[in-house]
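Visitor: build me a structure from this.
(chains A and B)
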Amino acid sequence: MSESSESSNRKWLYRKPRALSDTPMHYCPGCGHAIVHKLLAEVIDQLDIQEETVGVAPVGCAVLAYFYIRCDISEAAHGRAGAVATGIKRVLPGRIVFAYQGDGDLAAIGMGETIHAANRGENITVIFVNNAVYGMTGGQMAPTTLSGQKTVTCPQGRDPETMGPPIRMCELINTLDRPYYIARVALDGPAGVRRARKALTTAFKAQIEGRGYSFVEILSPCPIYQRCKPVEALKFVRERMAAEFPVRVFRADGKST
Amino acid sequence: MVERTLMTGNDAIGEGAIRAGCDAYYGYPITPQNELTAYMATHMPRLNRVFIQAESEIAAINMVFGSVVAGKRAMTSSSSPGISLKQEGISNLAAAELPAVIVNVMRGGPGIGNIAPSQGDYFQAVKGGGHGDYRLPVLAPSSVQESHDLTIEAFALADRYRTPVMILTDGRIGQMMEPLRLHSRPIPPPPPKPWALTGAKGRKSIFIRSLMLNDGDLEKHNIHLQAKFKKIAAAEVRFQETAIEDCDLLLVAYGTSARVAKSALEEARRNGLRVGLLRPITLWPFPSQRIAMRSSRCRAVLCVEMSAGQMVDDVRLAVNGRTPVLFEGRMGGAVPEARDVFRAIQKALAPSRKKRTP
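Guide: Next comes the predicted model:
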């Protein structure tokens, strides 16, 4: 074998997914969104659905997701991604539709849309990035902020007596009959990232097969507003967040696990 | 053959939307527009089109957003309090230049108010309603027939200008029955929508947004939107005139109020009073030039509304002080009576004392 043919037959070990654009991302150092974007783009490539996919971007840190993910993407008003995704999927049932949302968007202002889209069993995939804090607006308390966690709107730490304890979305959605796949993963290290990719693949496959609503919650680092160094943020996700939000598959094949 | 039937205004809007090729309807219960949601629930699934009773008015308008982003025709309907909830969505549709139809079957307000017919949402409908600098065409039917016809027109306007369009009617026209000639001519297909999000097959991926953070981008976008609104204002003014040629007093009224005003006009004519009626069909764009022209030949203009006086502001702007502009109206779900309007006409046209005494 000549040297030149060896180079043309070179097997790529890793390359940037095609569904990820070259636009430099605006995310802070150590932020989980960039990883989730990359995983999402990898799954779109792997399942070869880039030309059939229509995404819905949230209001929040991922508001500019349409600059980074190379598929058709609509913006949605704060919290309304579940309704917008429903409106797209119902008129384009053959397309793959996902909503990408943060904790404030999905579990506070958009709680109604989230629960009802899940309850109708809309054949969409919801990617829920939970970092326990509002990022874009400057670090306010989210519905998933941990008890005792300090934010600018609970400077003494979240007091569950007056502010309520954090809301567990997978568990809440798991009370409904229609969702097909519900999983929580954590971006707490390489193994967690691999599990997140696997969960996203399963979720999109379920949609492609027409099985109904799939929901992937991704516990995610936000060093800036979790108020720690990037490496400590991974520890925060692994130890503190995962203690409050158990990492597991709640429902597979339409049945609770 | 013309299909004739008997229908409520709400049903006539539903049937108009279906005949206009509405692909998806999203509603939420609120009186006095429930007949429309029920009509769509019965007929849309039969035609393999989308019907969802949404979890809220907010969800419904955002489902509309999703379906029109995907290039389809979609509609939602509600009544006053529910329309307030939809305003963020309407602003977003206007900003992202998405065609959609929103029906407001007005009821008494403010607040939860009551379920009687009202015109208290005029300001909200024509002055923007939601946040930011935008306008949207507002069509005001005054009969069941017009409810049907203007719904078909609304979808065409929405697509022509890539804008949300509002049908502003009230509980009386929505719930009363009248004979109706169903639209039977073929509807022209919607224009091509290369901007629609349908998956990036054979093209680059695209996105739709109203967020523009870069310095100057949003101002440019606003200038573009305002140019479009100017175009609509120049081309799409609609109104109807009755007994207008020789009138000393010009009535201006829309919707149910225009029907009351017309009864008063007939009574006035029987009594030898020269009264005409100008009924705006588009509330935005408003027939300002026509009102200015007509009022210049009148002794007075009398605006009749089911509100504290909202459209009268636009009439005054049009008349611009050249002629006295008077107001007759009822609020809180009350409908003005023709005899009260007639009395107001008599009073306005009565020879003044100054003239009598030499």
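Visitor: what strand or helix carries the nearest residue to B:Lys193 once chain neighbours are set aside?
Guide: Take B:Lys193 and drop its neighbours on the chain: the residue closest to it by C-beta to C-beta, 6 or more residues apart in numbering or on different chains is B:Gly71, 4.3 Å away. All C-beta atoms are positioned from the backbone trio N, CA, C, and that covers glycine. If you go by DSSP states H and E, B:Gly71 is not part of any helix or strand.
Visitor: could you do the one 5 residues further on as well?
Guide: In this structure, B:Thr76 is located in strand B:74-78 according to DSSP H and E.
Visitor: could you check whether the following helix or strand past that strand is close to chain A?
Guide: Per DSSP H and E, the first helix or strand lying C-terminal to strand B:74-78 is helix B:80-95. Yes - contact of helix B:80-95 with chain A (C-beta under 8 Å from any C-beta of the partner chain) involves B:88-89, B:92.
Visitor: and helix B:80-95, what does it pack against?
Guide: helix B:57-69, strand B:74-78, strand B:100-106, helix B:122-126, strand B:164-170, helix B:217-235 (3 or more C-beta pairs under 8 Å, 6 or more residues apart in numbering or on different chains; DSSP states H and E).
Visitor: what about the first one, near chain A?
Guide: Yes - contact of helix B:57-69 with chain A (C-beta under 8 Å from any C-beta) involves B:58-60, B:62-69.
Visitor: repeat for the last one
Guide: No - with C-beta under 8 Å from any C-beta as the measure, helix B:217-235 is seen stopping short of chain A, the closest distance being 13.1 Å.
Visitor: now that helix: mean pLDDT?
Guide: Averaging pLDDT along helix B:217-235 yields 98.
Visitor: what angle sits between it and helix B:80-95?
Guide: With axes from the mean of the first three to the mean of the last three C-alpha atoms, to 10 degrees applied, the angle from helix B:217-235 to helix B:80-95 works out at 110 degrees.
Visitor: which parts of helix B:217-235 are buried?
Guide: Within helix B:217-235, the residues that count as buried by 16 or more other C-beta atoms under 10 Å in any protein chain shown are B:225, B:228-229, B:232-233.
Visitor: count the neighbours of residue 143 for me.
Guide: This is for chain A. Neighbourhood size, A:Pro143 [other C-beta atoms under 10 Å in any protein chain shown]: 21.
Visitor: was after chain B, sorry
Guide: Residues contacting B:Ser143 under the criterion other C-beta under 10 Å number 21.
Visitor: and it, what does it touch?
Guide: B:9, B:173, B:178, B:259 (C-beta atoms under 8 Å, 6 or more residues apart in numbering or on different chains).
Visitor: tell me the confidence at it?
Guide: pLDDT recorded at B:Ser143 is 98.
Visitor: which residues does residue 159 contact?
Guide: With no chain named, the answer covers chain A. By C-beta under 8 Å, 6+ apart, A:Asp159 lies in contact with A:Ser147.
Visitor: oops, wrong one, chain B.
Guide: B:Asp159 sits next to B:73, B:99, B:190-191, B:193 when contact means C-beta under 8 Å, 6+ apart.
Visitor: returning to that earlier point: state the pLDDT value of the residue nearest to B:Lys193.
Guide: 98.
Visitor: from B:Ile208, how far off is it?
Guide: Between B:Gly71 and B:Ile208 the distance is 11 Å, computed by C-beta to C-beta, to the nearest Å.
Visitor: what of A:His26?
Guide: For A:His26, the distance to B:Ile208 equals 20 Å [C-beta to C-beta].
Visitor: which of the two has more neighbours?
Guide: More neighbours surround B:Ile208 than the other of A:His26 and B:Ile208, with 20 against 14 (other C-beta under 10 Å).
Visitor: okay, now the closest residue to the more buried one other than its chain neighbours: neighbour count?
Guide: The spatial neighbour of B:Ile208 that comes closest, neighbours along the chain excluded (C-beta to C-beta, 6+ apart), is A:Ser74 at 4.9 Å. By other C-beta under 10 Å, 29 other residues sit near A:Ser74.
Visitor: and what of the one 3 residues further on?
Guide: When neighbours are counted by other C-beta under 10 Å, A:Ala77 registers 23.
Visitor: in chain B, which ranges drop under the pLDDT threshold?
Guide: Along chain B, segments meeting pLDDT under 70 span B:1, B:352-358.
Visitor: domains in it, by residue range?
Guide: Under the assignment automatic domain parsing, the domains of chain B span B:4-185+B:209-235, B:240-352.
Visitor: which of those sits most buried?
Guide: Of all the domains of chain B, domain B:4-185+B:209-235 carries the top mean neighbour count, a mean of 22, counting by mean count of other C-beta atoms under 10 Å in any protein chain shown.
Visitor: mind checking the end-to-end distance for that one?
Guide: With C-alpha to C-alpha, to the nearest Å as the measure, the ends of domain B:4-185+B:209-235 fall 31 Å from one another.
Visitor: cool, stretch B:289-302 as well?
Guide: End-to-end distance of stretch B:289-302 (C-alpha to C-alpha): 17 Å.
Visitor: distance from that stretch to the middle of the chain?
Guide: 23 Å (C-alpha atoms, centre = their mean, to the nearest Å).
Visitor: what of stretch B:113-126?
Guide: 11 Å.
Visitor: swap in stretch B:329-345?
Guide: Averaged C-alpha coordinates place stretch B:329-345 at 21 Å from its chain's average position (C-alpha atoms, centre = their mean).
Visitor: just the CA atoms of that stretch, as PDB, please.
Guide: The C-alpha coordinates for stretch B:329-345 follow below in PDB (Å, rounded to 0.1, in the frame of the first residue of the first chain):
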ATOM      1  CA  GLY B 329     -71.900  54.900  23.500                       C
ATOM      2  CA  ARG B 330     -72.600  52.300  26.200                       C
ATOM      3  CA  MET B 331     -70.100  50.300  28.200                       C
ATOM      4  CA  GLY B 332     -69.700  47.000  30.100                       C
ATOM      5  CA  GLY B 333     -71.600  44.800  27.700                       C
ATOM      6  CA  ALA B 334     -74.500  47.300  27.100                       C
ATOM      7  CA  VAL B 335     -75.500  47.900  23.500                       C
ATOM      8  CA  PRO B 336     -76.600  51.400  22.500                       C
ATOM      9  CA  GLU B 337     -80.300  51.600  21.400                       C
ATOM     10  CA  ALA B 338     -81.200  53.100  18.100                       C
ATOM     11  CA  ARG B 339     -83.600  55.600  19.700                       C
ATOM     12  CA  ASP B 340     -80.800  57.000  21.800                       C
ATOM     13  CA  VAL B 341     -78.600  57.400  18.800                       C
ATOM     14  CA  PHE B 342     -81.500  59.000  17.000                       C
ATOM     15  CA  ARG B 343     -81.900  61.500  19.900                       C
ATOM     16  CA  ALA B 344     -78.200  62.300  19.700                       C
ATOM     17  CA  ILE B 345     -78.600  62.900  15.900                       C
END
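Visitor: beta partners for A:Val126?
Guide: On the basis of DSSP bridges, A:Val126 is bridged to A:Ala99, A:Phe215.
Visitor: wait, it sits on A:Gly110?
Guide: No - A:Val126 is beyond contact range of A:Gly110, at 10.3 Å (criterion: C-beta atoms under 8 Å).
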